[in-house]
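1. generate a structure from the sequence data that follows.
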Amino acid sequence: MYIILLKYIKSLEAVDAAIPAHIEYLDKYYNQGNFILSGRRNPRNGGVILCNAEDQRVVEAIIAEDPFHIGNIAEYEIIEFQPTKGTPELAALIS
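-> Numbering: from 1, shown residues only. Here you go, the predicted model:
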């Protein structure tokens, strides 16, 4: 399991212009089962994605398709963690 932290490096105007394409990107990986949760950081200086993937190379390949990455709008930090406890709704993600 991975946490992907995005930090905007361009203006919010550039971010807003890329939002429709970014939402399509998010939808693709929600539909494939990779993305579990996502949202804006507060204050609005980036975002957070909870990602289920086999390994970090897969996460990096997924990030490479993000319009925020392609447009050099955000920087990314990838944090791997092993879920050990969660709500019953998330039990399938705990190993």
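
2. what residue ranges in this structure score low on pLDDT?
-> The model of the chain has pLDDT under 70 over residues 95.

3. try it again at 80.
-> 91-95 (pLDDT under 80).

4. how about the strands in it?
-> 2-8, 35-40, 46-51, 74-80 (DSSP state E).

5. in this structure, which residue is most central in space?
-> Compute the mean C-alpha point of the chain, and by C-alpha atoms, centre = their mean the closest residue is residue 49, 3.1 Å away.

6. nearest residue to residue 33 in space, please, no chain neighbours.
-> residue 52 (6.7 Å; C-beta to C-beta, 6 or more residues apart in numbering). Every C-beta, even on glycine, is put in place using the N, C-alpha and C of the backbone.

7. before we move on, what about residue 38?
-> Nearest to residue 38 is residue 49, by C-beta to C-beta, 6+ apart, at 4.4 Å.

8. for stretch 58-74, measure first residue to last.
-> 19 Å (C-alpha to C-alpha, to the nearest Å).

9. which residues touch it?
-> Outside of stretch 58-74, the residues within contact range by C-beta atoms under 8 Å, 6 or more residues apart in numbering are 2, 4, 6-10, 14-15, 18, 21-22, 25, 28-29, 34, 46-47, 51, 53, 76, 78.

10. one more time with 6 Å
-> Applying C-beta atoms under 6 Å, 6 or more residues apart in numbering, the contact partners of stretch 58-74 are 2, 6, 8, 10, 14-15, 18, 21-22, 25, 51, 53, 76, 78.

11. what residues are up against the residue lying closest to residue 51 once chain neighbours are set aside?
-> Among residues not flanking residue 51 along the chain, residue 2 sits closest, at 4.5 Å (C-beta to C-beta, 6+ apart). Neighbouring residues of residue 2 by C-beta under 6 Å, 6+ apart: 51, 59, 78, 80.
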